[in-house]
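Asker: Okay, sequence plus prediction incoming.
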Protein chains: 2
Amino acid sequence: MTPAELERYLEDRRVLVDEALERHLPSANDSPKEIHEAVRYSVFAGGKRLRPILVLAAAEAAGGQVKQALAAAAAVEMIHTYSLIHDDLPAMDDDDFRRGRPTCHKVYGEAMAILAGDALLTQAFILLSAPPALGGSDPDARLRVVHEIAMAAGSLGMVGGQVVDMLHEDREIDLPTLQYLHAHKTGALIRGCLRVGGILASAGSDELDALTRYGERIGLAFQIVDDILDVEGSLEALGKSAGSDLRKKKATFPALLGIEESRRWAHRLVSEAQQSLVIFGDRGTALGAIADFVVMRRR
Amino acid sequence: MTPAELERYLEDRRVLVDEALERHLPSANDSPKEIHEAVRYSVFAGGKRLRPILVLAAAEAAGGQVKQALAAAAAVEMIHTYSLIHDDLPAMDDDDFRRGRPTCHKVYGEAMAILAGDALLTQAFILLSAPPALGGSDPDARLRVVHEIAMAAGSLGMVGGQVVDMLHEDREIDLPTLQYLHAHKTGALIRGCLRVGGILASAGSDELDALTRYGERIGLAFQIVDDILDVEGSLEALGKSAGSDLRKKKATFPALLGIEESRRWAHRLVSEAQQSLVIFGDRGTALGAIADFVVMRRR
């Protein structure tokens, strides 16, 4: 895939995912309107939709159809959005802006933001268990998908990672703790995306293992690149010295490893992720290109 | 069932539910410990376990076994507890005490309380989709159970009710709005309990309808009695005049209907709930006794 092809591919998928989200969320007119407005404000805030696109790409790599995986892809994005809404709350990271817009609680108030997050998390499971969703998959596979996503999102996964992040706020952190943090806070759900796509496409256990390995590496690489972009972004935007930025937020890979070593690490992870795709032959092309995109992206 | 028999029945079931919760929650030593401690603090705070007991009783009324319904019963209690943790938050009802103990956020802080609620909601779905859970039920029934519970908990159910409650805080409220509020905030999950018990016991559609009717009436009766006990409790405990109490919190049945009419209404609902049990013959005895308990209880 050329960069232009990948860009078109990502854009096409993003549109499919947005359509699925539109279809599977209560409308802004459903009562009580206030909550559905808040939910939709946060869901349709212009995300890259990387996680749901990984669900779709994994299903295709394993020989399945985009159509079978679209509802699960939308469900994963709902869970991702809920986690952003709750992480941004004053009691958590206290962020006023997200993707250039005021955060949910700045627009709708704290109580409504808490409830919008709760509603989105629950809506994901409504969707995953809905009679017509995940069409074509047998009920056993659908239960496995519910289980994968719930495990990835729960206290031994994403929520656990956020807890560790919170507990280390403004504190020194060592590399093993930082890896644990990211493997849970963002890694668990990304790994889950790959596995869910595979399960819906009836992947064999070797294929599922390959998708899992790919997911784990790409998840960590994604986070390392995020950290690098943060440091570079604040250097450019704020003209701060690297030192002051690193002192302010110690829990980053560049802070612990330096920018160059962090970059090398991300490249090594991406290359390992791509090696695990061999089993899929040509069907793994999109996942391979997405892995490149993760380290090459500028935002 | 005599009152003493019912008391023993409720106590036996409460123990079964507590054992299931103990089994199906991450241990306090699972990492990160902080969240599992907070979760367990709130779950094991001495609740009546009315909702999970209704799941078990519904399964038995429909000819099923307690054993098949125990995991679903525990899952429902997790969702109930999550809703209490989030409702108590400063941004919501701002309650410092619950069941005589400091609320989750008073002990563990706001961020941990938000995450403990998120973890519990997610844990319910981990449990409902776990391979060994709901033993003996086919995967289709288990997916239906996931769907029932998620629908009952989501923005068109419990979360929607909490939104309406919040929007009417310190405002006049009319009877239809109050009924909507309770049918969603507490009614939807109670109704869901009855239906889930029925589904796991392979109830026919007439039986499921009967359980649904019972659940809707018992849910509303429970809430009316709660309101009455609140008014009586604050009269006794605080020596306030009824007038001042009613002015402070307008959104109650006694405030709109008066205590006597509220009591009559609760009794009528309980009697309707009991009539719908005829279809179950003797197997409906426990549900019938629980309905009496709902209006007779003193706390």
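Answerer: Good, I have the coordinates.

Asker: All the strands of the stretch 1-150 of chain A, residue numbers only.
Answerer: Assigned by DSSP state E, counting those that start in this stretch, the stretch 1-150 of chain A shows strands spanning A:97-98, A:101-102.

Asker: What separation is there between the spatially most central residue of chain A and A:Y41?
Answerer: Nearest to the geometric centre of chain A sits A:R51, at 4.4 Å (Cα atoms, centre = their mean). Distance of A:R51 to A:Y41, given as Cβ to Cβ, to the nearest Å: 19 Å. Any C-beta I mention is one placed from the backbone N, CA and C, and that applies to glycine too.

Asker: Does stretch A:191-205 reach chain B?
Answerer: No - figure legend: stretch A:191-205 not in contact with chain B (Cβ under 8 Å from any Cβ of the partner chain); closest approach 12.0 Å.

Asker: now stretch A:145-157
Answerer: Yes - legend: contact between stretch A:145-157 and chain B by Cβ under 8 Å from any Cβ is shown at A:V146, A:H147, A:A150, A:M151, A:A153, A:G154, A:S155, A:L156.

Asker: Closest to A:R298 out of these?
Answerer: A:R298 lies nearest to A:A153 out of those, by Cβ to Cβ, at 29.0 Å.

Asker: what about A:D138, how many neighbours?
Answerer: Other residues lying near A:D138 total 12 when counted by other Cβ atoms under 10 Å in any protein chain shown.

Asker: Could you pull up the contacting residues of the nearest residue to it once chain neighbours are set aside?
Answerer: Leaving out its chain neighbours, the residue that sits closest to A:D138 by Cβ to Cβ, 6 or more residues apart in numbering or on different chains is B:P139, at 7.7 Å. The contact partners of B:P139, by Cβ atoms under 8 Å, 6 or more residues apart in numbering or on different chains, come to A:D138, A:P139, A:D140, A:R142, A:L143.

Asker: Next one, pLDDT for B:P139 please.
Answerer: Among the per-residue scores, B:P139 shows a pLDDT of 89.

Asker: try A:R247
Answerer: At A:R247, pLDDT is 43.

Asker: A:E207 now?
Answerer: pLDDT at A:E207 comes out at 98.

Asker: and stretch A:52-66, average pLDDT?
Answerer: Rounded mean pLDDT across stretch A:52-66 is 97.

Asker: ok now that stretch, how far from the chain's centre?
Answerer: On the basis of Cα atoms, centre = their mean, to the nearest Å, stretch A:52-66 sits 15 Å off its chain's mean C-alpha point.

Asker: so how many other residues sit close to A:A20?
Answerer: 22.

Asker: surely A:F97 meets A:T103?
Answerer: Yes - counting by Cβ atoms under 8 Å, A:T103 is a contact partner of A:F97 at 6.4 Å.

Asker: who has more neighbours, those two?
Answerer: Between A:F97 and A:T103, A:T103 has the larger neighbour count (other Cβ under 10 Å), namely 24 against 10.

Asker: ok now do that one, which residues does it touch?
Answerer: A:T103 neighbours (Cβ under 8 Å, 6+ apart): A:I85, A:D88, A:D95, A:D96, A:F97, A:A113.

Asker: burial of the first one, as a residue count?
Answerer: When counting by other Cβ under 10 Å, one arrives at 29 neighbours for A:I85.

Asker: surely it meets A:S42?
Answerer: Yes - if you go by Cβ under 8 Å, A:I85 and A:S42 touch, sitting 5.3 Å apart.

Asker: what do these two both touch?
Answerer: Joint contacts of A:I85 and A:S42 (Cβ under 8 Å, 6+ apart) are A:C104, A:A116, A:L120.

Asker: Among those residues, which are located in helices?
Answerer: A:C104, A:A116, A:L120 (DSSP state H).

Asker: Nearest to chain B among the contacts of A:T103?
Answerer: Nearest to chain B among the contacts of A:T103: A:A113, at 8.2 Å, using Cβ to the nearest Cβ.

Asker: And that closest one, how close does it get to B:G161?
Answerer: 18 Å.

Asker: and if you look at A:A201?
Answerer: 39 Å.

Asker: do A:D292 as well
Answerer: Applying Cβ to Cβ to A:D292 and B:G161 gives a distance of 47 Å.

Asker: now A:G47
Answerer: In terms of Cβ to Cβ, A:G47 sits 29 Å off from B:G161.

Asker: now swap in A:I259 and tell me
Answerer: In terms of Cβ to Cβ, A:I259 sits 50 Å off from B:G161.

Asker: Looking at those two, which one has more neighbours?
Answerer: B:G161 (23 against 16).

Asker: Cross-check the contact I'm expecting between that one and B:T186.
Answerer: Yes - using Cβ under 8 Å, B:G161 makes contact with B:T186 at a distance of 7.1 Å.

Asker: what's the closest non-adjacent residue to A:M1?
Answerer: Per Cβ to Cβ, 6+ apart, closest to A:M1 is A:A289, 4.0 Å.

Asker: which element is the one you found on?
Answerer: helix A:285-296 (DSSP states H and E).

Asker: List the buried residues for that helix?
Answerer: A:T285, A:A286, A:L287, A:G288, A:A289, A:I290, A:A291, A:D292, A:F293, A:V294, A:V295 (16 or more other Cβ atoms under 10 Å in any protein chain shown).

Asker: and the stretch 1-150 of chain A, which residues reach chain B?
Answerer: So the stretch 1-150 of chain A meets chain B at A:26, A:30-32, A:34-36, A:39, A:82, A:86, A:89, A:91-92, A:109-112, A:114-115, A:117-119, A:121-123, A:125-126, A:128-131, A:138-140, A:142-144, A:146-147, A:150 (Cβ under 8 Å from any Cβ).

Asker: Among the residues you listed, which are located in helices?
Answerer: Reading helices off the residues of the stretch 1-150 of chain A next to chain B with DSSP H, I get A:34-36, A:39, A:82, A:86, A:110-112, A:114-115, A:117-119, A:121-123, A:125-126, A:128, A:139-140, A:142-144, A:146-147, A:150.

Asker: Could I have the buried ones of those residues as PyMOL selection syntax?
Answerer: Buried members of these, defined by 16+ other Cβ under 10 Å, are picked up in PyMOL with:
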select buried, chain A and resi 34+35+36+39+82+86+110+111+112+114+115+117+118+119+121+122+123+125+126+128+139+142+143+144+146+147+150
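
Asker: Neighbours of A:E11, how many?
Answerer: Neighbour tally, A:E11, other Cβ under 10 Å: 10.

Asker: cool, and A:P176?
Answerer: A:P176, neighbours per other Cβ under 10 Å, totals 8.

Asker: how close does it sit to B:P3?
Answerer: From A:P176 to B:P3 the distance is 58 Å (Cβ to Cβ).

Asker: go on, A:P26?
Answerer: 44 Å.
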